[in-house]
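S.K.: Pasting a predicted model and its sequence here:
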Amino acid sequence: MLDITRDDQSTVHLKGRMDASQADTAHEVMDGIDGTWTVDFSGLEYISSAGLKVLLATQQRLWEDGGELLLTGMTPHVKMVFELAGFDSVFKIS
């Protein structure tokens, strides 16, 4: 299960598992943001290729308008998934 929320500080918080069963929910939330947002991964245990696809589509959409996603708080496992997929060159990860 994925818990995905936005706050007033332009931060999206992820908790749980971001996989194919949660992709539609994640798309709904991410489609509602514009500009530059931070995505807090500190509560995320797992991300699948479907989750990566949601983030990549959001990043591409935001870039078109001069915004972007800034990723923070990744566990070593989740960060490794981004590195293996080559997404560490697409996103700013801290």
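M.R.: In hand now; what should we look at? As the structure is a computational prediction, the values presented were derived from the model and not from experiment.

S.K.: same for the strand ranked longest in the chain, what does it pack against?
M.R.: In the chain, taking DSSP state E as the definition, the longest strand is strand 36-47. Applying 3 or more CB pairs under 8 Å, 6 or more residues apart in numbering; DSSP states H and E, one finds that strand 36-47 contacts strand 11-18, helix 49-64, strand 68-72, helix 76-84. All C-beta spots, glycine's among them, are computed from the backbone N, C-alpha and C.

S.K.: Could you check the angle the second one makes with strand 36-47?
M.R.: Right, helix 49-64. Computed with axes from the mean of the first three to the mean of the last three CA atoms, to 10 degrees, the direction of helix 49-64 lies at 170 degrees from that of strand 36-47.

S.K.: Setting aside sequence neighbours, what's the nearest residue to the residue positioned nearest the centre of the chain?
M.R.: Nearest to the geometric centre of the chain sits Leu55, at 4.6 Å (CA atoms, centre = their mean). Distances taken as CB to CB, 6 or more residues apart in numbering put Leu69 closest to Leu55, at 6.6 Å, once the chain neighbours are dropped.

S.K.: Need the pLDDT of the one you found.
M.R.: Looking at Leu69, its pLDDT is 98.

S.K.: So what's the residue count around it?
M.R.: 22 (other CB atoms under 10 Å).

S.K.: and if you look at His27?
M.R.: 15.

S.K.: ok, now how distant is Arg17 from Thr5?
M.R.: Look at Arg17 and Thr5: by CB to CB, to the nearest Å, they are 15 Å apart.

S.K.: quick one on the thing from earlier: mind listing what's buried along the longest strand of the chain?
M.R.: 37-41, 44, 47 (16 or more other CB atoms under 10 Å).

S.K.: can I assume Thr38 is in contact with Gly67?
M.R.: No - Thr38 sits out of contact with Gly67 when judged by CB atoms under 8 Å, with a separation of 11.5 Å.

S.K.: hang on, the earlier thing: okay, the helices and strands packed on strand 36-47 in JSON lines with distance to Ser94 next?
M.R.: Shown next, in JSON lines, are the helices and strands packed on strand 36-47 (distance: least, CB to CB, whole Å):
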{"stretch": "strand 11-18", "distance to Ser94": "13"}
{"stretch": "helix 49-64", "distance to Ser94": "15"}
{"stretch": "strand 68-72", "distance to Ser94": "5"}
{"stretch": "helix 76-84", "distance to Ser94": "10"}
